[in-house]
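Peer 1: Structure of the sequence below:
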Amino acid sequence: MTTSEANPWIEICPGIRRRTHAHGRTMYQMVAQLDAGSRMPEHTHSQEQIVHILSGRMKLIVNGVPHELRTGDSFYLAGNIPHGVETIDDTHVLDTFSPPRDEYLAIDEKARTESRKS
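Peer 2: Just a heads-up that it's a prediction; the model follows:
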């Protein structure tokens, strides 16, 4: 199922927000905007993830090891691997997950429902 621009922007943490791009039964894709200087704390999730840098520059810290990624770079993360982000420049990322991030889809639906009530 592809999704449209109607999906809301959701703040993940200060300076970092995401929008669901597309999803299906076994995959989920989102775009993220990361402001220069923003940080995402170390975290894990069960999904495999491919990070693709559309523009900008950031450090992806995997198991404590920093990897500087620039426009055009991609990085594969296995599930349950500790990782975080330090953003160097304003950065746009395309993230693909398998299986889908069901918790993100639920947050999207809640945001859409709340905006309809307004």
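Peer 1: residue ranges with poor pLDDT in this protein?
Peer 2: 1-5, 118 (pLDDT under 70).
Peer 1: And the helices in it, which stretches?
Peer 2: Here the chain has its helices, by DSSP state H, at 102-117.
Peer 1: Going by residue numbers, what spans are strands in it?
Peer 2: With DSSP state E as the criterion, the chain has strands at 10-13, 16-23, 28-34, 39-43, 48-55, 57-62, 65-70, 74-77, 83-87, 91-98.
Peer 1: hey, which of those is tucked in deepest?
Peer 2: strand 28-34 (a mean of 21; mean count of other CB atoms under 10 Å). Glycine gets a C-beta too; all of them are placed from N, C-alpha and C.
Peer 1: partner strands of it, parallel or antiparallel?
Peer 2: strand 16-23 (antiparallel), strand 91-98 (antiparallel) (DSSP bridges).
Peer 1: And for the last one, what's in contact with it?
Peer 2: By CB atoms under 8 Å, 6 or more residues apart in numbering, the list of residues contacting strand 91-98 from outside reads 18, 21, 26-34, 36, 45, 47-58.
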